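Chemist: give me coordinates for this.
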Amino acid sequence: MARESTFVNMSVTLFAVCLIASAVLGGVYALTKEPIDAAQIAKINGAIGGVVPEFDNAPSAEMFTVEVDGKKSNVYPAKKGEEIVGYAIEASSSKGFGGNITLMVGFKPDGSLVKTSVISHAETPGLGAKIDDSQSHFVTQFEGKNPADPNFKLSVKKDGGDIDAITASTITSRAYCDVIENAYKAFCEANKNNVKADAEQPVEEVQEAANASEEAQN
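Modeler: Residues are numbered from 1 along each chain as shown. Below is the predicted model of the structure:
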């Protein structure tokens with residue numbers, strides 16, 4: 001009987017401890033969720049502002065999602081008045097050395113790249129993590145390039161492209177190119193009624209160029 005009583009007491013005590021721990025964790029989550037969400041929103045808005053031309057709307061309030069080749073990307077249209085001046089595309093690739101790399105990629109309405117900004121990654125510090133340096137040659141070399149340009153190949157030079165890879169971080173560099181490729185496809189889908197390349201290419205030709213670029217990488 002004494003043993004049974006001890007077992008019951010232990011069970012009750014364990015249940016109480018678990019209940020208290022759950023309550024504490026729930027409280028911590030409730031207290032930290034709002035600041036974490038606010039920080040993420042601020043990071044997204046900051047990234048948008050850094051990769052597209054000057055705008056006067058609230059792109060995050062007009063965000064929509066497109067899906068191309070089974071990959072979803074968030075699209076943030078930047079406007080001045082009623083005119084679209086650019087798109088910020090939040091896109092990802094799982095091909096990074098440390099896993100997913102997510103970028104905010106800015107495009108002008110003609111499909112040319114404005115800037116890119118890192119949202120998240122898990123690359124090696126001191127190597128692949130150099131993608132965090134927005135002023136580095138690796139990051140800035142994409143600016144002004146248009147994936148629809150037949151004279152530009154969106155892949156690292158080791159793969160026959162035009163992009164200088166980060167030293168000792170070819171995998172990360174390839175993944176960065178892959179994110180931009182995914183973002184460009186999302187841009188074409190989002191902007192298919194407005195895309196005008198330098199030679200006034202129909203959107204079908206622009207999409208074909210994007211597909212050709214992907215095939216070249218493979």
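
Chemist: low-confidence bits of this protein, can you list those?
Modeler: Scanning the chain for pLDDT under 70 picks out 1-5, 7-11, 24-37, 40, 193-218.

Chemist: what do you get if the cut-off is 50, keeping everything else the same?
Modeler: 1, 195-206, 213, 217-218 (pLDDT under 50).

Chemist: any idea which helix or strand carries residue 54?
Modeler: Assigned by DSSP states H and E, residue 54 belongs to no helix or strand.

Chemist: I misspoke; the intended subject was residue 174.
Modeler: Using DSSP H and E, residue 174 falls in helix 170-190.

Chemist: same question, residue 39
Modeler: helix 2-51.

Chemist: list the neighbouring strands of the helix or strand following that helix plus their orientation.
Modeler: Next helix or strand after helix 2-51 toward the C-terminus (DSSP H and E): strand 64-68. Within its sheet, and counting by DSSP bridges, strand 64-68 is paired with strand 71-80 (antiparallel).

Chemist: by how many degrees do the partner strand and helix 170-190 diverge?
Modeler: 60 degrees (axes from the mean of the first three to the mean of the last three Cα atoms, to 10 degrees).

Chemist: just the buried positions in strand 71-80, please.
Modeler: For strand 71-80, the buried set under the neighbour-count rule, 16 or more other Cβ atoms under 10 Å, comprises 73-79. Yep, even glycine has a C-beta here, placed from its N, CA and C like the rest.

Chemist: closest to residue 180 among the residues you listed?
Modeler: Residue 180 lies nearest to residue 73 out of these, by Cβ to Cβ, at 11.4 Å.

Chemist: tally of neighbours for the closest residue to the closest one other than its chain neighbours?
Modeler: Leaving out its chain neighbours, the residue that sits closest to residue 73 by Cβ to Cβ, 6 or more residues apart in numbering is residue 186, at 3.7 Å. Residue 186 has 26 neighbouring residues, counting by other Cβ atoms under 10 Å.
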